[in-house]
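In: Here is my input, please return the structure:
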Amino acid sequence: MSRLLPLFAGCLAAVSLSAASAQNGALTTNEASLRANEAAVAAAAAAAVAADKQHPRLGGFWQPEKTIETLLTMDGKTPPLTTAGQQLYRQRAADRRANKADDPPASCLPPGTPRDMLSPGPFLIAQTPAKVTIFHEYRHLIRHVYLDGPLKLSEPDPWWQGHFSGYWDGDALVIETGGFNGRQWLDGAGLPQSPDMKVLERFKLTGPDSLEDLITIDDGKFYTKPWTARVTFRRLPEDLHLVEEECAEKLLEFPLKAYAPGG
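Out: Predicted structure coming up:
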């Protein structure tokens, strides 16, 4: 028996070495496969990276040039409201005068699109070949805009901010948004929107430190035709950082709304 133990131990060692060798071989093969996949992805992305280098650099910190409470058309007029739009707009104006307005952001709900771009305070644009992300200090809002081309929606879940898709049109970044829940106000004055609203934005540098957002609203329920507003931003120093901006504490002073859980 004592002579068999060394033999048995030797067999175990041989098996262990064989298993380790096989494992190392598998790891080496897996590593090679991963490296090959990485190289393939990098090659496929090379064209997008090269194209992105030709686009204007929108990345950095920005802030609205002025506070916008009421959205107007490019020629400074009230948007072309339908009869239903006029009725709702007037009702909200009366509620505001009576201090009874039910503006969603007042209860810490999202402002929606494009009202997020009217929000006070700075925001950061992070630009990459595949995605542009907008980080707002206000309410910690984030918009992830994948550069997948024109927006394609098929029965989307209704969201406060909507669903985004973007693409470059020359030197302008175009963002299309749809799939809303229809409960937002477009501005602080109460311009309405329906769940079928479509928003098209064109972001374009008008100078090294100035950016414009041309916002086109298409909502047949509340507006007689599509209309466009213009919002401008100024560039902020690169060493800026976004600070904490909490809204939830305000809810302690608010009664629960009808749409709040348990309300």
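In: Thr83: neighbour count?
Out: The number of residues packed near Thr83 is 9, by other CB atoms under 10 Å. Bear in mind the C-beta positions are built from the backbone N, C-alpha and C, glycine included.
In: ok, now Gly190?
Out: As a burial measure, the neighbour count of Gly190 was computed by other CB under 10 Å and equals 20.
In: how close does it get to Leu118?
Out: Counting by CB to CB, to the nearest Å, the gap from Gly190 to Leu118 is 13 Å.
In: quick one: the helices in the stretch 1-150 of the chain?
Out: With DSSP state H, counting those that start in this stretch, the ranges of helices along the stretch 1-150 of the chain come out as 4-52, 83-97.
In: rank those helices by mean pLDDT and give me the bottom one.
Out: Between the helices of the stretch 1-150 of the chain, the one with the least mean pLDDT is helix 4-52; it has a mean of 66.
In: I'd say Gln127 and Gly59 touch.
Out: Yes. Using CB atoms under 8 Å, Gln127 and Gly59 qualify as a contacting pair, with a distance of 4.1 Å.
In: between those two, which one's more packed in?
Out: Neighbours around Gln127 and Gly59, counted as other CB under 10 Å, are more numerous at Gln127. The numbers are 17 against 14.
In: Quick check: that one vs Ala48, distance?
Out: Gln127 is 12 Å from Ala48, by CB to CB.
In: any idea of the mean pLDDT for stretch 184-203?
Out: pLDDT averaged over stretch 184-203 gives 96.
In: buried stuff in it?
Out: Using 16 or more other CB atoms under 10 Å as the test for burial, stretch 184-203 gives 184-194, 197-203.
In: cool, and stretch 80-100?
Out: If you call a residue buried by 16+ other CB under 10 Å, then stretch 80-100 has these buried ones: Leu81, Thr82, Gly85, Leu88, Tyr89, Arg92.
In: And the furthest pair within these?
Out: Pairwise distances across the buried residues of stretch 80-100 (CB to CB) peak at 15.0 Å, for the pair Thr82 and Arg92.
In: Can you show me the strands along the stretch 151-263 of the chain?
Out: Secondary structure of the stretch 151-263 of the chain by DSSP state E, counting those that start in this stretch: the strands cover 163-169, 172-178, 198-207, 210-218, 227-235.
In: and the angle from the last one to strand 210-218?
Out: This means strand 227-235. Direction vectors for strand 227-235 and strand 210-218, defined by axes from the mean of the first three to the mean of the last three CA atoms, to 10 degrees, enclose an angle of 160 degrees.
In: cool, and the longest one?
Out: Direction vectors for strand 198-207 and strand 210-218, defined by the same axes, to 10 degrees, enclose an angle of 160 degrees.
In: tell me what strand 198-207 is packed against?
Out: In terms of contact count using 3 or more CB pairs under 8 Å, 6 or more residues apart in numbering; DSSP states H and E, strand 198-207 is assigned the packing partners strand 172-178, strand 210-218.
In: CSV for these, including mean neighbour count, distance to Trp159 and mean pLDDT?
Out: What follows is these, written out as CSV (neighbours: other CB atoms under 10 Å; distance: least, CB to CB, whole Å; pLDDT from 0 to 100):
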stretch, mean neighbour count, distance to Trp159, mean pLDDT
strand 172-178, 22, 10, 98
strand 210-218, 18, 17, 98
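In: Take the ones you listed and write them to JSON lines, including distance to Thr73.
Out: Compiled in JSON lines, the helices and strands packed on strand 198-207 are given as follows (distance: least, CB to CB, whole Å):
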{"stretch": "strand 172-178", "distance to Thr73": "19"}
{"stretch": "strand 210-218", "distance to Thr73": "10"}
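In: isn't Asp95 right next to Ala101, touching?
Out: Yes. Counting by CB under 8 Å, Asp95 does reach Ala101; the two are 4.4 Å apart.
In: intersection of neighbour lists for these two?
Out: Gly190 (CB atoms under 8 Å, 6 or more residues apart in numbering).
In: Chain neighbours aside, what residue packs nearest to the spatially most central residue of the chain?
Out: Ranked by distance to the mean C-alpha position of the chain (CA atoms, centre = their mean), the top residue is Arg143 at 1.2 Å. Excluding the flanking residues, the one nearest Arg143 by CB to CB, 6 or more residues apart in numbering is Ile134, at 4.3 Å.
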